[in-house]
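In: Let me see the structure of the following:
(2 chains)
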Number of protein chains: 2
Amino acid sequence: MARDLDRTDPLAGLRDRFVLPEGVIYLDGNSLGPLAKAARVRIADVVEREWGRGLIRSWNDAHWIEAPQRVGDKIAHLIGARPGEVVVADSTSVNLHKLLVAALRAQTGRATILTETGNFPTDLYVAHGAAAAVAGARVKAVDPAALETAIDGDTAVVLVTHVHYKSADRRDMAGLTAAAHRAGALILWDLSHSAGAVPLDLAGSEADLAVGCGYKFLNGGPGAPAFLFVAERHHASLSPALTGWMGHAAPFDFSDDWRPAEGISRFLTGTPPILGLAGLEAGVDLSLEVDQTALSRKAEDLWNLFAQLMETRLASQGFSLLTARDPVQRGSHIAYAHPEGFRIMQALIACGVIGDFREPDVVRFGLTPLYLSFEDIWRAVEVLAGIMAGGAWRQAQARIPGQVT
Amino acid sequence: MARDLDRTDPLAGLRDRFVLPEGVIYLDGNSLGPLAKAARVRIADVVEREWGRGLIRSWNDAHWIEAPQRVGDKIAHLIGARPGEVVVADSTSVNLHKLLVAALRAQTGRATILTETGNFPTDLYVAHGAAAAVAGARVKAVDPAALETAIDGDTAVVLVTHVHYKSADRRDMAGLTAAAHRAGALILWDLSHSAGAVPLDLAGSEADLAVGCGYKFLNGGPGAPAFLFVAERHHASLSPALTGWMGHAAPFDFSDDWRPAEGISRFLTGTPPILGLAGLEAGVDLSLEVDQTALSRKAEDLWNLFAQLMETRLASQGFSLLTARDPVQRGSHIAYAHPEGFRIMQALIACGVIGDFREPDVVRFGLTPLYLSFEDIWRAVEVLAGIMAGGAWRQAQARIPGQVT
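Out: Modelled structure (predicted):
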């Protein structure tokens, strides 16, 4: 059955555009996307020709200096933003800090960053750091279900993740944005588990601010730079918290006085990371080639097949589905709780099925339609069924503190 | 004569460790270091084997997760710091922001960042941004000559560049640090034009804080990540301003509560940029192979040859030396003012001699001993003499706004 689905899959050919190691079924593209063949070529060209032969001249000749805006515009196209509203820079955490501080400062008379408990931890840590940078500001973290009703007259900015890193729960972007606006608050969306994975319409949703990750579904490579989005209507009123030379109106005038650039460029800080940008641009270019409706349809089909096989093959093995079944309420990964989740995932990885584990008991599987086949899904569940039936997970070791999971 | 010097140069063999394009004399390693052959190999290995085949497993198996500290320790060795005092992260600008805010917060009862006018602009821009993040804080920028006497009871932190980006003037690190300490101030050294270029002894100088650039003399590649130094005695008392997950005591516990890591790791923020770190590590490894005394001696000899040839070949052409002659008072580049500096540099670059221009009238030449020969110096000055004698610079175009110079 899985092979039949592969035969009629219009996206099946995309798999050959990636380097996927033999003997591995990679269900962790939501943590680190795989290497696109074009990224390999592009990075080698940046190293050999642009850096090696072009040297300093490549800032102009190879257009390095425009890369943050150029790749930003490409990402804007993917996430339903307008040209000039997205720029690539720094890490997701640093970009979050920039935008939270800018939002707090702009929202006179409002002092609260409102967010949810159980959010991706760095969002909470960054929120506390940002609040410390603005006199009187504070963080209020509420239960996810109570978030919308907690927005009030003191809320400067709502910080919310669009697709939850653990459960894959997806928020209604237009609805929650409207609720924030009714209360006079801004909203900042973390798109780390959404960009490249689910349809996004930032402009249509009237989103104010967003950040997102370059190394997950955008396949930019390990530690690829992140992106940030600021709706054009806010460009003039928001001032960056991190005032570095790349955000200056005229960085090469080398003037002592700070004067922010017009538009999105003011949210840049230091010199752009060119190798990381090269990998990211190649990954984004590949996503831009693909019909997004077909991509979403395949993502749903992969997810449905995985869930259905888990029910038929592993019904009595103690896995509790954490992810919503309705496709509009979830992202493109699937998560289960299992009391032995850590050891089960170690056993799976040892057998070449790479997903990941999240505390305290969650196993996650990224089901990305760009390079996975239906047969991959079928095989992965078969391997899991074998591990559970044979008890192989009992040989896996417990978690090592500090280990990347 | 230059060829005689090359024949007896004990470091002459290092040139073959770099990719240097035919027909180019590269005197801009102070802006972007060239590609080391080992960096090319290392980056390709990270892309092909670690990312491509290892995928997410490489965070543990290829030790990506330890790279910020591992490469930091190597840089510590180069700059005379102790293991555990340096970490690689983000950009120089972002690291400056982190450390300035941390210093302001720790220095109760002191509100001023004291710095110098004409400092590298991003240092001034970042200082203003950092002051805005701490209630009551302010920036005071004084003439460089007045800096030491301006340190007073309100100075929380002195922000000073060790080797000036334009003139190459070098500060007395031990002396100025002692002056700051006598007044109860901390001192933050910007080592962007020093690290890998001049002998440094951060521990012996009792420096408190420092930041530095990865893509200049450390040859880490375009936009390579930067480093930061915090003396061990300050680790417990300084809190990072940018509180991201990589600075958490247990990032993979995914806990809601912020708890800073012990030691230098608390100054990390987001996911480390692995491609940039790979290039940087290869560059730093090469510097660590080289005898630093021999390196300093060759740097002096290259500088003296350049200055002497400029005097004999271009005495009446309007170049005014901006850099101190005493080697302990300068870095490893040489700068001249010339009213037609921009067009002269364009003509030089067109002839394959790559230096750079800095506003308003400065031509800079990086004279780095790792890969330059004495013959390179001789040829470069001959080309410049030819351009001046023949008036070729008159055909060069004026500066394009926004152009990287």
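
In: can stretch A:134-141 be found next to chain B?
Out: Yes: legend: contact between stretch A:134-141 and chain B by CB under 8 Å from any CB of the partner chain is shown at A:134-135, A:141. Heads up, the C-betas are built off the backbone N, CA and C, glycines and all.

In: An error on my part: the question was meant for stretch A:276-284.
Out: Yes: remark: stretch A:276-284 sits within contact range of chain B at A:276-277, A:279, by CB under 8 Å from any CB.

In: Out of the residues you listed, who's the most crowded?
Out: With neighbours taken as other CB atoms under 10 Å in any protein chain shown, the top of these is residue A:279, carrying 33 neighbours.

In: Same question for that one, what's its three-state structure.
Out: For residue A:279, the secondary-structure state derived from DSSP: H, G, I helix; E, B strand; the rest coil is helix.

In: Which residue, neighbours along the chain excluded, lies closest to it?
Out: Nearest residue to residue A:279 in three dimensions, chain neighbours excluded: residue A:221, at 3.5 Å (CB to CB, 6 or more residues apart in numbering or on different chains).

In: Just give the number of residues close to that neighbour.
Out: Residues lying near residue A:221 (other CB under 10 Å) number 32.

In: measure it to residue B:280 for me?
Out: Between residue A:221 and residue B:280 the distance, using CB to CB, to the nearest Å, works out to 15 Å.

In: can you check residue A:20 too?
Out: Taking CB to CB as the measure, residue A:20 and residue B:280 are separated by 28 Å.

In: Mind checking which of those two has more residues around it?
Out: Comparing residue A:20 with residue B:280 by neighbour count (other CB under 10 Å), the higher total belongs to residue B:280, at 28 against 18.

In: that older thread, and the residues of stretch A:134-141 next to chain B, which of them are in strands?
Out: Judged by DSSP state E, the residues of stretch A:134-141 next to chain B include residue A:141 as members of strands.

In: Now render the residues of stretch A:134-141 next to chain B as a markdown table, adding neighbour count.
Out: Compiled in a markdown table, these are given as follows (neighbours: other CB atoms under 10 Å in any protein chain shown):
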| residue | neighbour count |
| --- | --- |
| A:134 | 22 |
| A:135 | 12 |
| A:141 | 20 |
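
In: just the residues of stretch A:134-141 next to chain B now: which is nearest chain B?
Out: When the residues of stretch A:134-141 next to chain B are compared for distance to chain B, the smallest value, 4.9 Å, is given by residue A:135; criterion: CB to the nearest CB.

In: Quick one: residues contacting that closest one.
Out: residue B:135 (CB atoms under 8 Å, 6 or more residues apart in numbering or on different chains).

In: where does it fall, phi/psi-wise?
Out: Summarising the backbone geometry of residue A:135 under the convention degrees, to the nearest 10, its torsions are phi -60, psi 130.

In: any idea what sits nearest the residue nearest the centre of chain A, other than its immediate chain neighbours?
Out: By CA atoms, centre = their mean, chain A has its centre lying nearest to residue A:192, at 1.9 Å. For residue A:192, ignoring the flanking residues on the chain, the nearest one in space by CB to CB, 6+ apart is residue A:213 at 3.9 Å.

In: That neighbour reaches residue A:93, doesn't it?
Out: No: using CB atoms under 8 Å, residue A:213 is not in contact with residue A:93, being 10.1 Å away.

In: which residues does the residue nearest to residue A:30 when sequence neighbours are not counted form a beta bridge with?
Out: The spatial neighbour of residue A:30 that comes closest, neighbours along the chain excluded (CB to CB, 6+ apart), is residue A:366 at 3.5 Å. Residue A:366 has the following beta-bridge partners by DSSP bridges: residue A:333.

In: can you give me the strands for the stretch 151-300 of chain A?
Out: Counting by DSSP state E, counting those that start in this stretch, residue ranges of the strands within the stretch 151-300 of chain A are A:155-161, A:186-190, A:209-212, A:226-230.

In: For residue B:15, which of the ones you listed is the nearest?
Out: Comparing the strands of the stretch 151-300 of chain A by their distance to residue B:15 (CB to CB), the top pick is strand A:226-230, with 37.9 Å.

In: could I get the closest one in PDB with only the CA atoms?
Out: Coordinates of the C-alpha atoms in strand A:226-230 are reproduced here as PDB (Å, rounded to 0.1, in the frame of the first residue of the first chain):
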ATOM      1  CA  ALA A 226      17.600  32.500  11.900                       C
ATOM      2  CA  PHE A 227      15.100  35.000  10.400                       C
ATOM      3  CA  LEU A 228      12.900  37.800  11.800                       C
ATOM      4  CA  PHE A 229       9.800  39.400  10.400                       C
ATOM      5  CA  VAL A 230       8.400  42.800  11.200                       C
END
